[in-house]
Every structure is written in C-alpha cells, then in structure tokens.
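>>> With the input below, show me the fold.
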Amino acid sequence: LVPIFGCQFDTMKKTVSRRRLVLSIFACAFITSSVLIGECHGFFPTRRVVPSMMASKKKQKFKGPMAAEAGLRDRGFRYVIGSDESGRGCIAGPVVAASCCILTDPLSEYTPLPGVDDSKLLEKDERDRIFEHIISHPETYAYSVAEVSNTHIDEVNILKATMDCFRICIEDLAKQENFPLEETYSIVDGKKAPKLEMKFTSRPWVRGDAEVHTIALASIIAKVTRDRIMTELDGVYPEYSFGIHKGYPSRDHIVALHTHGPCAIHRQSTKPVKSRQEIQ
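From the prediction side, this is the model:
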C-alpha cells in the first residue's frame, strides 16, 4: 500500500505534494467502504461472537438449584464442597467460614431443602430450622466450621484472614470425610478463593450464596454459628450489645464504641476503631 498511497515529502524544502495527499485520502476511503460493504454481503466472511448467544448457553448450562453440583458430578467430581463466610464486614469478633457437601448419591435422589437461600435474606427462625436439619442428617450433609480471631485479622488483614479461614474449613472437611482428592471440587462464594495445600481445585463464584445450593447451605451454617458466638460474647461485654448487631458497624455499635472505647474483641485495624483510638 505504501507505493500506492505514499506521499513524497521533501524534507529539505518542507513541501508536500497536495495532489498525491488528496488522492491517497480518497483511495483509503474507497477501500475502507468496499471492505465494509463486502462484509455486509458476505464477500469477506469474518468470525463473530454473539454475546446474546453466549449468555443463552450459559443460562441453559445452569438451571435449577442443584445445577452447578450436577454439572460438576457429570465431570467426575463426586464431592462438591460449597463454602461461605460470615462476619467479614464486622468491626468486632471473629470471621467464621463454613463448608458443606451433599453426600447423596446419585444426586437425583436429593431433594433441595425448601427456603434455602443466601442466609442474609432469611429470618432467624428460618436459618435456625435449616441449620438444625443439616446437623441432624449426617448421612446427607457433611460440613465443617472454622473461625479466625480478631487478633489474626489485625495481624494479616481481613482478606488474608478470610482466605485462611476458608482454607482451614475446606481442608478440614476433606480430611474428616476422607474425600478422594481427584473427585473433590471446592466452590467459594465471592471473587476470590483460597489457595489450598491439598491438591484439589478451589474456585470462586460471585453470588454463589444465591446461585449454588451447597454454598447457600454453608452460608446458613456460618451465619448461625457466628451469631451464636456473638450472642455469647454479649454476656461478656453487655455494654456493646453484640447480641443485637453481631459486631457490624451499626449506629448503636459506633455510639457504644465512642462511649466505652474498644474492647478485647474489637478489630483494631478497622477504621471506626482506629478513629476512636486517635481521639483518645
């Protein structure tokens, strides 16, 4: 194309052939329009990816409350571990993670529990009912729970502490149930999954607590467990009302923090606690 469209520049005299420049512009415009017309009429076939088609395939792949688990079982992963946490956004108390695996085989014989959803969307009585059902049916559900303290959170930061909690929880479940690693697959709610020391896959799933049944079960286990821990701590530190807000930065919690100062279970690395210390 250079010999056809090239413009001769006289670098010494700083002049440009205007005629050649005009012809070059018209020629470029002509070829560009020809290519576009050719694509429209199929003369120049190109490979195109249609986003709507991709989206529809994804929707067809995952249908129903057990779609993710069923798909992984079809790929040879007999033990699908779903995991979620509770308390990551708090300014006091531990982070609690839970993992859950449905043992029923074949999976088609398992009936999903009614009302199972993201634990934050359920009422306390509903969460407690589902929690009691899970722990009272060990032949159907295998689960484990882990927690990391506010001290550990302050030492390593909340993200790493949460990943540590997930890793401990997932690996504890695989060990206690003696899952064959080549048949085990872990799905973690959120944008990030922990790096496991055991040799099996662990992958994140955004909105997993609302879309993957085993993660929703783990979400309920983690929430109920942590709420009960914070209710017990409410008896130790009654001035903070941990039994009500569970350590989240509610208005009443912030008022109590500024009135009484932080206690032993407050996370010193969080902004509200830091600001209170600066005032002191």
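
>>> List the buried residues in stretch 242-262.
Of the residues in stretch 242-262, 242, 243, 245, 246, 247, 249, 253, 254, 256, 257, 262 count as buried by neighbour count, 16 or more other CB atoms under 10 Å. Bear in mind the C-beta positions are built from the backbone N, C-alpha and C, glycine included.

>>> My error: substitute stretch 203-211 in the last question.
Along stretch 203-211, these residues count as buried under the neighbour rule (16+ other CB under 10 Å): 204, 205, 208, 209, 211.

>>> Could you check the pLDDT of the most centrally placed residue in the chain?
Closest residue to the average C-alpha location of the chain: residue 190 at 0.8 Å, with CA atoms, centre = their mean. Residue 190 is assigned 96 on the pLDDT scale.

>>> Could you do residue 143 as well?
Spelled out, the predicted local distance difference test score at residue 143 is 98.

>>> and if you look at residue 118?
Confidence at residue 118, expressed as pLDDT, is 66.

>>> re earlier: give me the subset of the buried residues of stretch 203-211 lying in strands.
Mapping the buried residues of stretch 203-211 onto strands (DSSP state E) picks out 204, 205.

>>> Tell me what the residue lying closest to residue 172 once chain neighbours are set aside is bridged to.
In this structure, residue 172 finds its nearest non-sequential neighbour in residue 144, 4.5 Å apart by CB to CB, 6 or more residues apart in numbering. In this entry, residue 144 is beta-bridged to residue 99, by DSSP bridges.

>>> Look up how far residue 220 lies from residue 144.
From residue 144 over to residue 220 the distance is 14 Å, taken as CB to CB, to the nearest Å.

>>> likewise residue 87?
Taking CB to CB as the criterion, residue 87 is separated from residue 220 by 14 Å.

>>> now residue 88
Remark: distance between residue 88 and residue 220 (CB to CB) = 16 Å.

>>> Looking at these two, which one has more neighbours?
Remark: of residue 88 and residue 220, residue 220 carries more neighbours, 31 against 15, as counted by other CB atoms under 10 Å.

>>> Please put the alpha-carbon coordinates of the strand or helix carrying the more buried one into PDB.
Here residue 220 sits within helix 213-236, counting by DSSP states H and E. Listed in PDB are the C-alpha atoms of helix 213-236, where the atom choice follows Å, rounded to 0.1, in the frame of the first residue of the first chain:
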ATOM      1  CA  HIS A 213     -27.200 -24.800  46.700                       C
ATOM      2  CA  THR A 214     -24.200 -26.000  48.700                       C
ATOM      3  CA  ILE A 215     -22.800 -22.500  49.100                       C
ATOM      4  CA  ALA A 216     -26.300 -21.400  50.400                       C
ATOM      5  CA  LEU A 217     -26.200 -24.200  52.900                       C
ATOM      6  CA  ALA A 218     -22.700 -23.200  54.000                       C
ATOM      7  CA  SER A 219     -23.800 -19.500  54.300                       C
ATOM      8  CA  ILE A 220     -26.600 -20.500  56.700                       C
ATOM      9  CA  ILE A 221     -24.200 -22.700  58.800                       C
ATOM     10  CA  ALA A 222     -21.600 -19.900  59.000                       C
ATOM     11  CA  LYS A 223     -24.200 -17.200  59.900                       C
ATOM     12  CA  VAL A 224     -26.000 -19.200  62.600                       C
ATOM     13  CA  THR A 225     -22.700 -20.300  64.100                       C
ATOM     14  CA  ARG A 226     -21.200 -16.800  64.200                       C
ATOM     15  CA  ASP A 227     -24.500 -15.200  65.500                       C
ATOM     16  CA  ARG A 228     -24.400 -17.600  68.400                       C
ATOM     17  CA  ILE A 229     -20.800 -16.800  69.200                       C
ATOM     18  CA  MET A 230     -21.600 -13.100  69.300                       C
ATOM     19  CA  THR A 231     -24.600 -13.700  71.500                       C
ATOM     20  CA  GLU A 232     -22.400 -15.400  74.000                       C
ATOM     21  CA  LEU A 233     -19.900 -12.600  73.800                       C
ATOM     22  CA  ASP A 234     -22.800 -10.200  74.500                       C
ATOM     23  CA  GLY A 235     -22.900 -11.600  78.000                       C
ATOM     24  CA  VAL A 236     -19.200 -10.900  78.500                       C
END
